[in-house]
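Asks: The sequence and its predicted three-dimensional model are supplied below.
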Amino acid sequence: MNSNRVSGPNNYQSHKVLLTADLLGISLMKDTDSEQVVLRLNGLEVCGPNACMRTLAKMNPQSDLFGKGFSEYAGVEEMIDWVALELEPYIDLWLHAKSLNVTSDVNLEISEELREKLAFLERRIGTRSYLVGEQLTLADISLVAALFQPLSVAQNMLPETSAVFEYMNNLTEDSAIKRILGYFGAGATLAVEESDPSLHGDVEDFREIIKNGVSNMWSDLNGFSLWKLRYRYTEYNIVVSVSQSKAKKFAELLRQSSGITGSLSVNGTERPFEITGAILYEGTDLPNHLSSVKESQFYEIVKVSSSKKGDRELFEEYLCGDVVEGGAVQQRVWI
């Protein structure tokens, strides 16, 4: 009987180890007699999925599963830990929230946290084929194993046009991944209520609708991050026409940035005048998205929560109110 085996639950944790072993040509028997992942190989016993992966890869350094050179090695180690500590806990929470009777407020908080993690991955992957270097590494094995089941069965987790989805779609064509994980997208679909928060949205669907207010459609905005803006140097806004020109110019620049809608307004009846705004954004990090827009440095950009009543009222006031924080709106420009 083959003594080389991996024990553990039938989930992505043990799949990491099985996939690493398969790529290295190591045959492992699999059983589910333990809740903890344990690798038994040639008399050696190692506990924990990441420790097992690392052990297997170090047994065959020529495989370059830790990358090529010290710089890639450091990047691979960083991503293994990030996936385990930052991404996996929120994936688990999100899937459990959808399968159990979890309150909407808790569900929203979990979704917002997971959106942040997926946005980090979106920036990290960009146009890359692999997380680190130019070939498959343990970083990719960790990520593919973690995302495979959620992306296969859960609706509205990621748009198919995203970099993360394309990365997964490409990597899961690998024969070893198909042997261990199966065919990407072939799992049974997880039932999702329409009222559940999605992790992405399309601002084009809301560009005209929000001009009439959003007080009755908060659940529809769960797929967006919400932001309030304020011009930093109010003391210079002493001529209303100049202030209006500033608001129009910045609104035009925002229209040129993908995934953004909302409004900017010039407020107050006496100088200096305030310039404020309310933005719906398809991503999660609006300041980073606008970093290449020079004029954005003149604005304080603060995230608000669609799940908090006070933030909701403030956002709607900034978006379409006749008065914004005590200042009557002189002009509103829609983005």
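Replies: Sure thing, it's come through.

Asks: C-alpha only now, for contacts and for neighbours.
Replies: Noted.

Asks: Do I have it right that Y318 meets G326?
Replies: No - counting by C-alpha atoms under 8 Å, Y318 does not reach G326; the two are 11.1 Å apart.

Asks: and the two? which has more neighbours close in?
Replies: Y318 (27 against 9; other C-alpha atoms under 10 Å).

Asks: gap between the more buried one and V214?
Replies: 11 Å (C-alpha to C-alpha, to the nearest Å).

Asks: And for V304?
Replies: 14 Å.

Asks: Give me the below-cutoff pLDDT ranges for the protein.
Replies: 1-2, 101-104, 153-156, 186-198 (pLDDT under 70).

Asks: mind giving me the domain ranges of it?
Replies: Domain ranges of the chain: 5-62, 64-181, 203-334, per automatic domain parsing.

Asks: ok, and the closest non-adjacent residue to E116?
Replies: Distances taken as C-alpha to C-alpha, 6 or more residues apart in numbering place T284 nearest to E116, at 5.9 Å, with adjacent residues excluded.

Asks: Same check on S129?
Replies: Counting by C-alpha to C-alpha, 6+ apart, the nearest residue to S129 once its immediate chain neighbours are dropped is Y167, at 6.3 Å.

Asks: In a helix, that neighbour, correct?
Replies: Yes - per DSSP: H, G, I helix; E, B strand; the rest coil, Y167 lies within a helix segment.

Asks: For the chain, which segments count as helices?
Replies: 12-23, 49-59, 69-82, 88-99, 104-125, 138-153, 163-171, 175-181, 240-255, 286-289, 309-320 (DSSP state H).

Asks: Next, the buried residues of the shortest one.
Replies: Of the residues in helix 286-289, those buried under the neighbour-count criterion (16 or more other C-alpha atoms under 10 Å) are 286-287.

Asks: could you say what helices and strands that helix packs with?
Replies: If you count contacts as 3 or more C-alpha pairs under 8 Å, 6 or more residues apart in numbering; DSSP states H and E, helix 286-289 packs onto no helix or strand.

Asks: Contacts for that helix, please.
Replies: Applying C-alpha atoms under 8 Å, 6 or more residues apart in numbering, the contact partners of helix 286-289 are 227, 296, 301.

Asks: just stretch 320-335 next, same as before
Replies: Stretch 320-335 has contacts (C-alpha under 8 Å, 6+ apart) with 207, 211-213, 244, 247-248, 251-252, 254-255, 260-269, 274, 317-318.

Asks: Tell me the buried residues within these.
Replies: 207, 244, 247-248, 251, 254, 260-268, 274, 317-318.

Asks: sorry, back to before: isn't the residue nearest to E116 right up against A119?
Replies: Yes - judged on C-alpha under 8 Å, T284 makes contact with A119 at a distance of 6.3 Å.

Asks: Those two - which one has more neighbours?
Replies: Neighbour totals were compared for T284 and A119, and T284 leads with 25 against 17 (other C-alpha under 10 Å).

Asks: which residue is nearest the middle of the chain?
Replies: In the chain, the centroid-proximal residue (C-alpha atoms, centre = their mean) is L118; its distance is 2.1 Å.

Asks: From T284, how far off is it?
Replies: For L118, the distance to T284 - C-alpha to C-alpha - is 9 Å.

Asks: what sits against L136?
Replies: L136 neighbours (C-alpha under 8 Å, 6+ apart): 65, 130.

Asks: likewise L229?
Replies: Counting by C-alpha under 8 Å, 6+ apart, L229 has contacts 276-279, 299-302.

Asks: try 7 Å
Replies: Counting by C-alpha atoms under 7 Å, 6 or more residues apart in numbering, L229 touches 276-278, 299-302.

Asks: Specify the beta-bridge partners of it.
Replies: For L229, the beta-bridge partners are G277, I301 (DSSP bridges).

Asks: what about T234, how many residues close to it?
Replies: Neighbourhood size, T234 [other C-alpha under 10 Å]: 14.

Asks: same question but for L23, I mixed them up
Replies: Using other C-alpha under 10 Å: L23 sits among 16 other residues.

Asks: With adjacent residues omitted, what lies nearest to it?
Replies: Leaving aside its sequence neighbours, L23 sits nearest to A176 (C-alpha to C-alpha, 6+ apart; 6.5 Å).

Asks: contacting residues for that neighbour?
Replies: Per C-alpha under 7 Å, 6+ apart, neighbours of A176: 19, 22-23.

Asks: on that earlier part again, and the residue nearest to E116, what are its phi and psi?
Replies: phi -120, psi -10 (degrees, to the nearest 10).

Asks: what's in contact with stretch 114-132?
Replies: 72, 75-76, 87, 90, 136, 139-140, 163-164, 167, 199, 283-284.
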